[in-house]
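1. sequence and predicted model, in that order:
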Amino acid sequence: MSESSVQILLDVHGMWCTSCARALEKVFTNAKGVYSANVNFTSGGASVMFDEERTSVQKLSEMAAALGYPVVLADDTHGMHALELEKQLQRLQRRLIVAIFLSMWIMLPQWVIYFDPSGFSQTIANVLGWLGITLSLPLIFYSGGMFLRVGWRTLLVGAPGMDTLVSLGSLSSLTLSVILLIRGQPYSLYLDTGTTLVVLLLIARYIDLRVRAQAGDAVKALTSSIPVTACLLINGVTTSVPTKTLVPGDIVRLQSGDTAQGDGIIVAGSSDLDQSFLTGESLLKSVSAGDRIEAGAINLQGVIDYQIDTDIGKRRIDAIVQSVRQLVSQKGDLQALTDIWSSRLSLAIVPLAFLAGIWVLIQGADGFSVAQRMLTVIVVTCPCALSLAIPLAFRMTVAGAAEDGIIIRHARSVERATRFDCIVFDKTGTLTEPGRSVAKIIVAQDVNPIAMLAMAVSLAKSSQHPMAQAILQKAKSERIMEAKIVWLDAPIEMAGKGISAVAADGTRWFLGRPLRMELTANGDEAMSSIQLRRDGAPILTCFVYEFVRPEVVALLRTFRQNNMQIWLASGDHSQAVLRCAQAVGIQNAHCRANCLPDDKAQLIKELQTQGLRVVFVGDGINDAPAMAAADLSIAVQGASRIAQTSASVVMTRGDLSLLPQLLTSVLTCRQRMQQNLWWAILYNIASVPAAMLGWISPSIAAATMLVSSISVTMNSTRR
């Protein structure tokens, strides 16, 4: 690999199935200068590593376009993939409705004639036969048109799959039926065979595409959290400009409550920043001129100006986006096995059909008998059960879990769930209750705590700062009203410091950051704190703490009984992390503090290299890379939008005690997928020789194919 090698991510449009992805992947892999390529149908993306001196993005785009799949570089317009997916779903739904309607009117007369041929004259049978041919044309060429196109494209590049087999089966059954009608034999046509192939595969594709559409786009959720416009400061005048036009050197102004659009250095103003978007750190960061700010940080107080020093596309949040896209572009194990089997079956079936036809011809049969034997082999091999095996089992598990408030979103993680050895928890908002609560109050000697808390309320009531809100919530729970006091001037909130005011008697009051020397050394430093001072003297200090969810201790005990390793990974400082770990019974050696988003993902990978299957449970945007890396990722109730769209599973109820039941459901789903897959494969192994030897007719072949699909369906739906 040379120094000129680069890796890019492409958004691919127009893919209908895994066969599309496999064909495009083969084209990229065989291209000059390409080291590796991975095209994922589920994510709609392609990851390509190539030598810039030997090929280019333009050449790769031209190759993809020639195959029928337009590609664009993945950038901040990630919503295009979701929009394209929704359009595909609408088109597929129309095709499926047409196919089901037409197939009913094709199959009904065909089956009636088949079971009671004496009840129909040849004239009526001919009329019904040609009517069936007429109805079959839009069904095969419109509803099944995508299979014909994809089947032809994949065949040209040497990567045939299910679409190729279904195309051969449907076209062969249609052709043979036309030949039978021309020969005056309308009583045993094979129109229902071809239409059944198309309808069953359309149903499988619809289930798969529906799941993908509902899954959403984690990258879109992440990037949409950053404002699309910024307030650019030029010669003291502000102008609204698109965020993507910002370049290093630009000065951007943030008002209170605004989210930073870029990475840079603060040049004016001071404030408290909420950086939980990126770091998961529950404590706020006080910043002023000279300090760094990154895209996604929320300005909580006052006005600050910062100078952009990083190009859009190279920000820290852009690195997280790239990490998530790379990780979700992996293929599921069972789906990969399905692709391999379909590809090999597609390559083998035509030679096998010809071999069966030649064998019949050697035995002295006529041309029609040869064609009939070849059709039987092709039909019996069509992988409808194989196409239904994974999406149907997944869909049924999804429906059952939804009744318990659990949304299972990604089939890939379910496919990999052979077992679970380790579970990694985020801290803030996952093991702890959302929000902040006053856990402890310390007051000076001879001070009435109720009166001082009432004074703090009178200062905090006009602030939206999280610490001030914790004071108000504490007072509300204690039914403490604000102090009746007359201020010379309205309380002033100073960014990054606190709230100050002077009473009518000249007393100066302050509510905000405490004096560090006033904090005790008994573990309270693990909490955030806010202090009330009178004329500079501390009189009341409130320690704000996140309380552990009540069900967590029993939950972790259950996991330990099942011999699962338990880890805690958090962006919070070490004291807060160790305090939480002690409360829930996690050993210190299994705790990671001060974790950046990539640090959590790295921990997951380290555990996986030890041969462990890892579950990650979190709720924050900073958890997205870890969720993408884990074998199974779970977003708890109240999780951020990006966490929900990155996770394999979303819990819509707050009870974490459902986690063991959830893991059991996932393992059961994987087992059903595997059972369905191997049943479909064994069906083909047994049926192909029978068809080649002439033990079954095309009609029996279609019936056995249908029985195989029904068996897969019943296995997927059983409790």
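-> In hand now; what should we look at?
2. excluding chain neighbours, give the residue nearest to residue 688 in space.
-> Of all residues not flanking residue 688 in the chain, residue 381 sits nearest, at 5.8 Å (C-beta to C-beta, 6 or more residues apart in numbering). Where C-beta positions appear, they are placed from N, C-alpha and C, glycine not excepted.
3. report how many residues lie close to the residue nearest to residue 427 when sequence neighbours are not counted.
-> Spatially, and ignoring its direct neighbours in sequence, residue 427 is nearest to residue 570 (3.7 Å; C-beta to C-beta, 6+ apart). Residue 570 has 31 neighbours, counted by other C-beta atoms under 10 Å.
4. next one: residue 570 from residue 416, what distance?
-> According to C-beta to C-beta, to the nearest Å, residue 570 and residue 416 sit 25 Å apart.
5. swap in residue 668?
-> Applying C-beta to C-beta, the value for residue 668 to residue 416 is 14 Å.
6. hmm, which helix or strand of this structure has the shakiest average pLDDT?
-> Every helix and strand in the chain was compared by mean pLDDT, DSSP states H and E; the lowest is helix 218-223, with a mean of 55.
7. ramachandran coordinates for the residue lying farthest from the centre of the chain?
-> For the chain, the largest distance from the centre (C-alpha atoms, centre = their mean) belongs to residue 505, which lies 60.1 Å off. Dihedral angles of residue 505 (phi, psi; degrees, to the nearest 10) stand at phi -90, psi 10.
8. confidence score at it?
-> What the model reports for residue 505 is a pLDDT of 85.
9. same thing with residue 453?
-> For residue 453, the pLDDT comes out at 89.
10. residues touching it, list them.
-> Taking C-beta atoms under 8 Å, 6 or more residues apart in numbering, we find residue 453 in contact with 441, 471, 474-475, 478, 480, 540.
11. out of these, the closest to residue 263 would be?
-> residue 471 (32.8 Å; C-beta to C-beta).
12. shouldn't that closest one be in contact with residue 543?
-> No. Between residue 471 and residue 543 there is no contact, the gap being 11.6 Å when judged by C-beta atoms under 8 Å.
13. re earlier: higher neighbour count, residue 668 and residue 416?
-> Using other C-beta under 10 Å as the criterion, residue 668 and residue 416 rank with residue 416 on top: 20 against 16.
14. and residue 297, its phi and psi?
-> Here residue 297 shows phi and psi, under degrees, to the nearest 10, equal to phi -70, psi 140.
15. burial count for it?
-> Residue 297 has 25 neighbouring residues, counting by other C-beta under 10 Å.
16. and for residue 272?
-> Using other C-beta under 10 Å, residue 272 has 24 other residues around it.
17. greatest separation within the contacts of residue 453: which pair is it?
-> The widest separation within these (C-beta to C-beta) is 13.4 Å, between 478 and 540.
18. neighbour-wise, which of the two wins?
-> residue 540 (23 against 12).
19. pairing partners for the strand or helix carrying the more buried one, with directions?
-> Residue 540 belongs to strand 537-545 when elements are defined using DSSP states H and E. Strand 537-545 has these partner strands in its sheet, going by DSSP bridges: strand 437-443 (antiparallel), strand 528-534 (antiparallel).
20. pLDDT below threshold where in the stretch 401-550 of the chain?
-> Scanning the stretch 401-550 of the chain for pLDDT under 70 picks out 402-405, 409-413, 434-436, 464-466, 495-496, 515-528.
21. what segments of it are helices?
-> For the stretch 401-550 of the chain, the helices defined by DSSP state H, counting those that start in this stretch occupy 411-415, 449-460, 466-477.
22. can I assume residue 96 is in contact with residue 202?
-> Yes. The pair residue 96 / residue 202 is scored as a contact, 4.7 Å apart, by C-beta under 8 Å.
23. neighbour-wise, which of these two wins?
-> residue 202 (26 against 17).
24. helix/strand/coil for the more buried one?
-> The assignment at residue 202 comes out as helix when based on DSSP: H, G, I helix; E, B strand; the rest coil.
25. if I look at it, how far off is residue 290?
-> Applying C-beta to C-beta, the value for residue 202 to residue 290 is 62 Å.
26. show the contacting residues for residue 669.
-> 393-394, 397, 408, 414, 417.
27. phi, psi for it please.
-> phi -60, psi -40.
28. measure it to residue 15 for me?
-> Distance, residue 669 to residue 15, using C-beta to C-beta: 25 Å.
29. can you give me how far the longest helix along the chain is from the chain middle?
-> Secondary structure of the chain per DSSP state H: the longest helix is helix 79-115. From the chain centre to the centre of helix 79-115 is a distance of 27 Å (C-alpha atoms, centre = their mean, to the nearest Å).
30. which parts of whichever helix or strand comes after that helix are buried?
-> Once helix 79-115 ends, the next helix or strand along the chain (criterion: DSSP H and E) is helix 122-138. Within helix 122-138, the residues that count as buried by 16 or more other C-beta atoms under 10 Å are 125-126, 128-129, 132-133, 135-136.
31. so what touches helix 122-138?
-> Everything outside helix 122-138 that qualifies as a contact, by C-beta under 8 Å, 6+ apart, is 98, 102, 105-106, 109-110, 113, 117, 120, 174, 177-178, 180-181, 184, 186-187, 189, 191, 194-195.
32. picking up where we left off before, now flag whichever of the buried residues of helix 122-138 is closest to residue 34.
-> residue 136 (41.8 Å).
33. any figure for the gap between that closest one and residue 144?
-> Distance from residue 136 to residue 144, counting by C-beta to C-beta: 10 Å.
34. ok, residue 260 - how many residues close by?
-> 27.
35. what are the ranges of the strands in the stretch 251-400 of the chain?
-> Ranges of strands within the stretch 251-400 of the chain are 251-254, 264-268, 271-274, 285-287, 292-293, 298-299, 304-308, based on DSSP state E, counting those that start in this stretch.
36. in TSV, list these along with distance to residue 45 and mean pLDDT.
-> Output for those, formatted as TSV (distance: least, C-beta to C-beta, whole Å; pLDDT from 0 to 100):
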stretch	distance to residue 45	mean pLDDT
strand 251-254	31	94
strand 264-268	30	93
strand 271-274	31	82
strand 285-287	34	81
strand 292-293	30	90
strand 298-299	30	86
strand 304-308	28	93
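37. nearest to residue 590, of the ones you listed?
-> Minimum separation from residue 590 across these (C-beta to C-beta) falls at strand 285-287, 27.0 Å.
38. quick one: strands adjacent to the closest one?
-> For strand 285-287, pairing defined by DSSP bridges yields strand 271-274 (antiparallel).
39. output the partner strand in PDB with nothing but the alpha carbons.
-> Only the C-alpha atoms of strand 271-274 are listed here, as PDB (Å, rounded to 0.1, in the frame of the first residue of the first chain):
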ATOM      1  CA  SER A 271     -19.500  31.200  29.500                       C
ATOM      2  CA  ASP A 272     -20.300  27.700  30.700                       C
ATOM      3  CA  LEU A 273     -20.400  25.100  27.900                       C
ATOM      4  CA  ASP A 274     -22.400  21.900  27.900                       C
END
